[in-house]
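Visitor: starting from these lines, generate the structure:
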Amino acid sequence: MKKKWLAVLLCGCLIFTGCGSSDDGEETSGGDGNKGESGSLISGNKNNSTNGQEDPGSATKAPDSSETDKDGEDAQTGAYWHPQGSVVLGQYVGISVDKVVPEVKDEDIQSEIDYLLDQSSEPKVIEDRNVVESGDYVCVDYTLWVGGEQVDEITDEYLTVGNGYYDFEESLVGAFIGESKTTECEVQDYAHSEYVGQTGTYIVNIKSINELIVPELTDAFIAEKTDFDTVEAYRQDIYDTLMAEATEDAKSKERVSAFEKIMENSTFSGISDADIQSYVDETIQFYEQYASMWGMDGEAIVSLFYGTSYDEFLVLAKEDGEYAVKQYLILDAVIKDADIKLTDEEYTKALAEYAAENDFSTPEEVEETYYKEDLVEQFLRDKAYDMIVDSMIVS
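Guide: Sure, this is the predicted structure:
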């Protein structure tokens, strides 16, 4: 497995899903929590995105269990989702924030086009030389041995020598086609995360040196590979898609800025470090779950996705946890201060939207999955959130 391919895959996978309590007490997935996408509020976070990707901390946790379960027995209160502490509100409506202008760069559009071209490229064997040079696109078979045991075998793997995706790349320079190259080195490739840091032996057979033939970008190519008839139409669709994403990201940043100002205007007391740590633990658990899917460890996937050290990631997660706790305290205080109520009609509508946007079969299935009091609490917070956001003055 190539690390680059893994990184691309993860960018599409990292959507933070919450957990709620079912009747038997087991946790069940509830979908992400982005307002306008899943029927649940966007909490945003202090470090709203990294490398252009949405941070899992930016999504609200789905309804958790309340203090008393459906049978009247004690149940654990949902940590940062039901935070300890109190807040004396400052101004929370009519907050002025600077407008964030969405932008799509030409290189962003070209990157999408280049990806399509790369996916359609084909290797062509170079016949006039047989010695590998740095930058060559080669085809290899290889096995990995750790502790005298073969732990992996890959055939017909194409790689660019010098890109740094494989531990053995440097050893290929100067090798001949047909040569079997044995390299002993520290395993660093996250595709073999369970062996990272250990000494591994790669036995690599160089099968061919190739030229990568990239197709010409023409209307005919676009018509064959996409749902569009022309390059211009495809380019416009990429622009529209990226601009929609950039616009949503800009709005999210404006909302985060508004809540940061509300936090500055307010006075907090009694905030629990345990609640903040609960957020951190849940964020770590999220990454560890995805890491296990790809045979990686949590620290490796954090480094891959964030581009930071694990310690730096923990600092950011703690900042986001404090932000999330304070935001919940603000929303709960606003509900009381503004005397926000939820009518039966509003509850029914919100429940139906939540069911539709989170792939529940029916609204009733949502109520079977989550406690109704938690759903009501969530929808009230959504109303408080909407009131704050709708009153923002963006200039």
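Visitor: how many neighbours does Ile154 have?
Guide: Neighbourhood size, Ile154 [other CB atoms under 10 Å]: 14. No exception for glycine: its C-beta is placed from N, CA and C like everyone else's.
Visitor: just Gly270 next, same as before
Guide: When counting by other CB under 10 Å, one arrives at 10 neighbours for Gly270.
Visitor: please state the backbone phi and psi of the nearest residue to it once chain neighbours are set aside?
Guide: Distances taken as CB to CB, 6 or more residues apart in numbering place Gly85 nearest to Gly270, at 4.0 Å, with adjacent residues excluded. Main-chain dihedrals, Gly85, degrees, to the nearest 10: phi 110, psi 170.
Visitor: and for Gly85, the neighbour number?
Guide: 14.
Visitor: so who does it touch?
Guide: By CB atoms under 8 Å, 6 or more residues apart in numbering, the contact list for Gly85 reads Phe268, Ser269, Gly270, Ile271, Ser272, Asp275, Val325, Leu329.
Visitor: and which of those residues is nearest Met243?
Guide: Nearest to Met243, judged by CB to CB, of the contacts of Gly85 is Val325 at 33.6 Å.
Visitor: the closest one touches Tyr80, doesn't it?
Guide: Yes. Here Val325 reaches Tyr80: they are 5.1 Å apart, a contact under CB atoms under 8 Å.
Visitor: residues shared between the contacts of those two?
Guide: Any residue near both Val325 and Tyr80 by CB under 8 Å, 6+ apart counts here, and that gives Asp275, Ile276, Tyr279.
Visitor: quick one, strands of the stretch 101-250 of the chain?
Guide: Ranges of strands in the stretch 101-250 of the chain, per DSSP state E, counting those that start in this stretch, are 122-125, 137-146, 149-160, 180-186, 199-213.
Visitor: look up how far Leu316 lies from Gln277.
Guide: Counting by CB to CB, to the nearest Å, the gap from Gln277 to Leu316 is 14 Å.
Visitor: buried residues in stretch 281-288?
Guide: Glu282, Thr283, Ile284, Phe286, Tyr287, Glu288 (16 or more other CB atoms under 10 Å).
Visitor: under the pLDDT cut-off, which ranges of the stretch 151-300 of the chain? List them.
Guide: Scanning the stretch 151-300 of the chain for pLDDT under 70 picks out 190, 295.
Visitor: that one: helices as residue ranges?
Guide: Taking DSSP state H, counting those that start in this stretch as the test, the helices found in the stretch 151-300 of the chain are 219-225, 231-265, 273-293, 298-306.
Visitor: which of those helices sits most buried?
Guide: Among the helices of the stretch 151-300 of the chain, helix 298-306 has the highest mean neighbour count (mean count of other CB atoms under 10 Å), at a mean of 20.
Visitor: and Glu169, what does it touch?
Guide: By CB under 8 Å, 6+ apart, the contact list for Glu169 reads Leu159, Val161, Gly162, Asn163.
Visitor: which of these are buried?
Guide: For the contacts of Glu169, a burial check counting by 16+ other CB under 10 Å picks out Leu159, Val161.
Visitor: tell me which two in the contacts of Glu169 are the farthest apart.
Guide: Spatial extent of the contacts of Glu169 (CB to CB) is set by the pair Leu159 and Gly162 at 9.5 Å.
Visitor: that older thread, nearest to Ser361, of the helices of the stretch 151-300 of the chain?
Guide: Among these, helix 273-293 comes nearest to Ser361, with 24.5 Å by CB to CB.
Visitor: and the angle from the closest one to helix 298-306?
Guide: Orientation check (axes from the mean of the first three to the mean of the last three CA atoms, to 10 degrees): helix 273-293 against helix 298-306 gives 90 degrees.
Visitor: and helix 273-293, what does it pack onto?
Guide: Packing partners of helix 273-293 (3 or more CB pairs under 8 Å, 6 or more residues apart in numbering; DSSP states H and E): helix 298-306, helix 310-337.
Visitor: which of those has the lowest mean pLDDT?
Guide: Lowest mean pLDDT within these: helix 298-306, at a mean of 77.
Visitor: for that one, C-alpha coordinates in PDB please.
Guide: C-alpha atoms of helix 298-306 as PDB (Å, rounded to 0.1, in the frame of the first residue of the first chain):
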ATOM      1  CA  GLY A 298      -2.600   6.400  16.200                       C
ATOM      2  CA  GLU A 299       0.500   8.500  16.400                       C
ATOM      3  CA  ALA A 300       1.500   7.600  12.800                       C
ATOM      4  CA  ILE A 301      -1.900   8.600  11.400                       C
ATOM      5  CA  VAL A 302      -1.900  11.900  13.300                       C
ATOM      6  CA  SER A 303       1.500  12.700  11.900                       C
ATOM      7  CA  LEU A 304       0.400  11.800   8.400                       C
ATOM      8  CA  PHE A 305      -2.900  13.800   8.600                       C
ATOM      9  CA  TYR A 306      -1.800  16.800  10.700                       C
END
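Visitor: ok, the residue nearest to Val280 when sequence neighbours are not counted - contacts?
Guide: Leaving aside its sequence neighbours, Val280 sits nearest to Ala317 (CB to CB, 6+ apart; 4.6 Å). Residues in contact with Ala317 (CB under 8 Å, 6+ apart) are Gly57, Tyr279, Val280, Thr283, Ile284.
Visitor: with Thr201 instead?
Guide: So Thr201 contacts Leu144, Trp145, Val146, Thr182, Thr183, Glu184 (CB under 8 Å, 6+ apart).
Visitor: ok, the fourth one - contacts?
Guide: With contact set as CB under 8 Å, 6+ apart, Thr182 has these partners: Thr201, Tyr202, Ile203, Val204.
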